[in-house]
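**Q** make a model of this:
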Amino acid sequence: MEKIKAVVLGLLLITAFSCKEVKKEAESTADAVEETVEEVVEKVEKKTLTFTMEPKSDSQVKGEVSFTEENGVVVMKASFTGLTPGEHAIHIHEKADCSSDDGKSTGGHWNPTFQPHAKWGAEGGYHKGDIGNFVADADGNATVDFATNEWCIGCDDETKNIVGKAVIVHQGVDDFTSQPSGAAGPRISCTGIIQ
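**A** Numbering: from 1, shown residues only. Presented below is the predicted three-dimensional model:
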């Protein structure tokens, strides 16, 4: 009888130990699957669009602009050459049409919320395309870095979606007060944002 009890007790211990090991392996596998799913979701959420800027209004201004959306924030990075040294305005315009020599085929500033033109973040409102001014160095080169959660790439919200719009660089400076465009002068470089 004592031998039977010992054998039964031994079998119970082996079974309990085996179940704990199976449970640990199952939890480890579940953790690995969860981490993989999170990585895949992160990769899916990141979108990038890159475009070449073309000269307009008899300028020599060229460049590249990219938009990357990740976790609800769109980052715009742009680089330019051929500018006159000093400040220039940059805006998003309402149409991705750079066909005219003067860039006016892009229409006015992108303003889906029907606000007055102003500096980005102004309390009284501003256009969603009112990016602002940047400075070109003595060699005519410049970079622009801008980030916002008020834009998206290809989403269903037309007050945020930048696809189908254009990036315009102006010869002059945006004064942030003149309506409807800040009196920034000729459009000297253009690219359409088309997905």
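**Q** tell me the SS of the residue lying closest to residue 122 once chain neighbours are set aside?
**A** The shortest distance from residue 122 to any non-neighbouring residue, by C-beta to C-beta, 6 or more residues apart in numbering, is to residue 176 (7.5 Å). Where you see a C-beta, it was placed from the backbone N, CA and C, and this is true even at glycine. Put simply, residue 176 is coil when judged by DSSP: H, G, I helix; E, B strand; the rest coil.
**Q** wait, residue 176 touches residue 119, no?
**A** Yes: judged on C-beta atoms under 8 Å, residue 176 makes contact with residue 119 at a distance of 4.2 Å.
**Q** which one's more surrounded, the two?
**A** Using other C-beta atoms under 10 Å as the criterion, residue 176 and residue 119 rank with residue 176 on top: 18 against 14.
**Q** quick check: the residue nearest to the spatial centre of the chain vs residue 45, distance?
**A** For the chain, residue 74 is the residue whose C-alpha lies nearest the centre (C-alpha atoms, centre = their mean; 2.3 Å). Here residue 74 is placed at a distance of 12 Å from residue 45 (C-beta to C-beta, to the nearest Å).
**Q** same check on residue 59?
**A** 37 Å.
**Q** compare these two (neighbour count), which wins?
**A** Shown here are residue 59 and residue 45; by other C-beta under 10 Å, residue 59 has more neighbours (18 against 11).
**Q** mind pulling up the pLDDT for that one?
**A** On pLDDT, residue 59 comes in at 96.
**Q** ok, now residue 181?
**A** Confidence score, pLDDT, at residue 181: 86.
**Q** check contacts around residue 46.
**A** The contact partners of residue 46, taken as C-beta atoms under 8 Å, 6 or more residues apart in numbering, are 68-70.
**Q** where exactly do the helices run in this protein?
**A** Ranges of helices in the chain, per DSSP state H, are 2-45.
**Q** can you list the domains in it?
**A** Under the assignment automatic domain parsing, the domains of the chain span 1-45, 47-193.
**Q** measure the residue lying closest to residue 155 once chain neighbours are set aside to residue 129 for me?
**A** Using C-beta to C-beta, 6+ apart and skipping residues adjacent in sequence, the residue nearest residue 155 is residue 161, 5.3 Å away. To residue 129, residue 161 is 12 Å away according to C-beta to C-beta.
**Q** between these two, who's got more neighbours?
**A** More crowded of residue 161 and residue 129, by other C-beta under 10 Å: residue 129, with 24 against 19.
**Q** pLDDT score assigned to that one?
**A** pLDDT, read off for residue 129, is 93.
**Q** okay, now residue 108: neighbour count?
**A** Residue 108: 15 neighbours (other C-beta under 10 Å).
**Q** likewise residue 47?
**A** 15.
**Q** then the one 4 residues further on?
**A** Other residues near residue 51 come to 20 when the count uses other C-beta under 10 Å.
**Q** residue 124 too?
**A** 7.
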